[in-house]
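Student: Output the structure for:
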Amino acid sequence: MMSTLPSLGFAGIGLMGLPMCRRLLAAGYPLTVWNRNPAKCAPLVEAGARQVATAAELCQHADVLMLCLADTAVVREVVFGPGGVAEGGKSGQLLVDFSSLEPTATREMAAQLVSQTGMSWLDAPVSGGVVGAEAGSLAIMVGGEAADLERVRPVLLSLGQRVTHMGAVGAGQVTKACNQMIVACNALVIAEVVALAERSGVQASLIAEALAGGFADSKPLQILAPQMADSRFEPVKWHVRTLLKDLDTAVKFSREQGSATPISGLAAQLMRLHGSQGFLEKDPSTLVKLYREPGSEG
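Tutor: Here you go, the predicted structure:
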């Protein structure tokens with residue numbers, strides 16, 4: 001059976017990439033991995049993956065190349081830089097980018113890649129965080145050709161519970177920007193709520209339970225409110241810098257489209273303020289510190 005499965009290459013073994021690769025290996029896919037810091041590939045090599053020294057080498061071993069990288073600049077470097085995917089790619093291969101990038105840049109890079117190599121591009125950003133990656137319950141929003149998506153839909157369903165074709169290349173990134181606008185604004189108002197409850201003498205640790213099932217309920221509320229109330233900021237499951245990057249992407253894209261996003265613009269500035277105070281690498285649950293009195297831990 002294994003021989004009938006497409007061979008996969010994966011670049012970017014980070015918070016999300018590692019559990020995603022574990023699931024692909026568990027599903028039986030032949031997997032080749034590459035990471036800028038090679039040491040991070042070690043647990044996957046132990047689990048049966050092949051490791052290569054450059055992103056270009058992934059193309060020698062894989063029908064489908066997958067990226068899960070930090071931002072637009074890193075993706076551009078890994079695809080088009082020295083030793084990048086474009087050096088090894090050929091027609092018939094497919095690139096699937098799980099990273100959260102600027103939609104306009106995604107469209108430009110996809111056009112450049114197909115003209116240089118013949119490789120097709122699917123932008124397939126994900127939502128659900130590390131927990132979703134571990135459980136295989138990610139929501140995956142895809143931009144690109146429908147036929148390309150159908151080629152890899154079984155692979156994506158090893159990683160996510162929902163795979164939605166949103167339109168042409170770039171549409172997945174637009175959808176992810178919309179997702180992050182909702183998540184980030186939600187996280188900021190949850191921080192306000194927890195701090196207000198604390199100052200008012202209300203048991204903030206009960207907020208999520210009290211509002212469960214009502215109109216205010218959400219996954220961010222159920223995850224973040226208890227962490228904020230208990231000042232439980234570790235382990236870090238996602239980063240303030242990631243939310244800030246995605247908000248900046250959303251605001252930039254909205255400006256390009258002539259669409260007003262005033263709430264998300266304010267959220268980006270509040271996130272930037274929080275990050276500038278030493279929290280860029282911290283969990284977004286630390287946003288409650290924006291609203292607490294100095295020295296207060298709730």
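Student: all contacts plus neighbour counts: C-alpha atoms, from now on.
Tutor: OK.
Student: Pull out the buried residues from the helix or strand that Gly265 is a member of.
Tutor: Taking DSSP states H and E as the criterion, Gly265 maps to helix 262-274. Of all the residues in helix 262-274, those buried under the rule 16 or more other C-alpha atoms under 10 Å are 264-265, 267-268, 270-272, 274.
Student: what's the answer for stretch 131-141, then?
Tutor: For stretch 131-141, by 16+ other C-alpha under 10 Å, it's 132-141.
Student: Arrange those residues in TSV, one row each, with pLDDT as further columns.
Tutor: Converted to TSV, those look like this (pLDDT from 0 to 100):
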residue	pLDDT
Gly132	95
Ala133	97
Glu134	97
Ala135	97
Gly136	98
Ser137	98
Leu138	98
Ala139	98
Ile140	98
Met141	98
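Student: Mind putting those into JSON lines with distance to Val240 and secondary structure?
Tutor: Output for those, formatted as JSON lines (distance: C-alpha to C-alpha, whole Å; DSSP: H, G, I helix; E, B strand; the rest coil):
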{"residue": "Gly132", "distance to Val240": "18", "secondary structure": "helix"}
{"residue": "Ala133", "distance to Val240": "19", "secondary structure": "helix"}
{"residue": "Glu134", "distance to Val240": "21", "secondary structure": "helix"}
{"residue": "Ala135", "distance to Val240": "23", "secondary structure": "helix"}
{"residue": "Gly136", "distance to Val240": "23", "secondary structure": "coil"}
{"residue": "Ser137", "distance to Val240": "22", "secondary structure": "coil"}
{"residue": "Leu138", "distance to Val240": "20", "secondary structure": "strand"}
{"residue": "Ala139", "distance to Val240": "21", "secondary structure": "strand"}
{"residue": "Ile140", "distance to Val240": "21", "secondary structure": "strand"}
{"residue": "Met141", "distance to Val240": "22", "secondary structure": "strand"}
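Student: Quick check: the gap between Leu8 and Gly28.
Tutor: Counting by C-alpha to C-alpha, to the nearest Å, the separation of Leu8 from Gly28 is 11 Å.
Student: my bad, should have said Leu290
Tutor: Relative to Gly28, and taking C-alpha to C-alpha, Leu290 is found at 46 Å.
Student: And Leu101, by the same measure?
Tutor: 29 Å.
Student: Relative to Cys185, which of the buried residues of stretch 131-141 is nearest.
Tutor: Each of these was checked against Cys185 using C-alpha to C-alpha; the closest is Ala139, at 19.2 Å.
Student: thinking that closest one is in contact with Leu157, fair?
Tutor: No. Using C-alpha atoms under 8 Å, Ala139 is not in contact with Leu157; the gap is 9.7 Å.
Student: next structured bit after the helix or strand containing Thr175?
Tutor: In the assignment (DSSP H and E), Thr175 maps to helix 171-199. Per DSSP H and E, the first helix or strand lying C-terminal to helix 171-199 is helix 207-211.
Student: And that following helix, what's buried?
Tutor: Neighbour-count burial for helix 207-211 flags 207-208 (criterion: 16+ other C-alpha under 10 Å).
Student: That one: how far from the chain's middle?
Tutor: 27 Å (C-alpha atoms, centre = their mean, to the nearest Å).
Student: which other helices and strands contact the helix or strand that it is followed by?
Tutor: Once the chain leaves helix 207-211, the next helix or strand it forms, by DSSP H and E, is helix 219-229. Packing partners of helix 219-229 (3 or more C-alpha pairs under 8 Å, 6 or more residues apart in numbering; DSSP states H and E): helix 171-199, helix 207-211.
Student: So what touches the last one?
Tutor: Pointing back at helix 207-211 there. Residues from elsewhere that reach helix 207-211 (C-alpha atoms under 8 Å, 6 or more residues apart in numbering): 194, 217, 221-222, 225-226.
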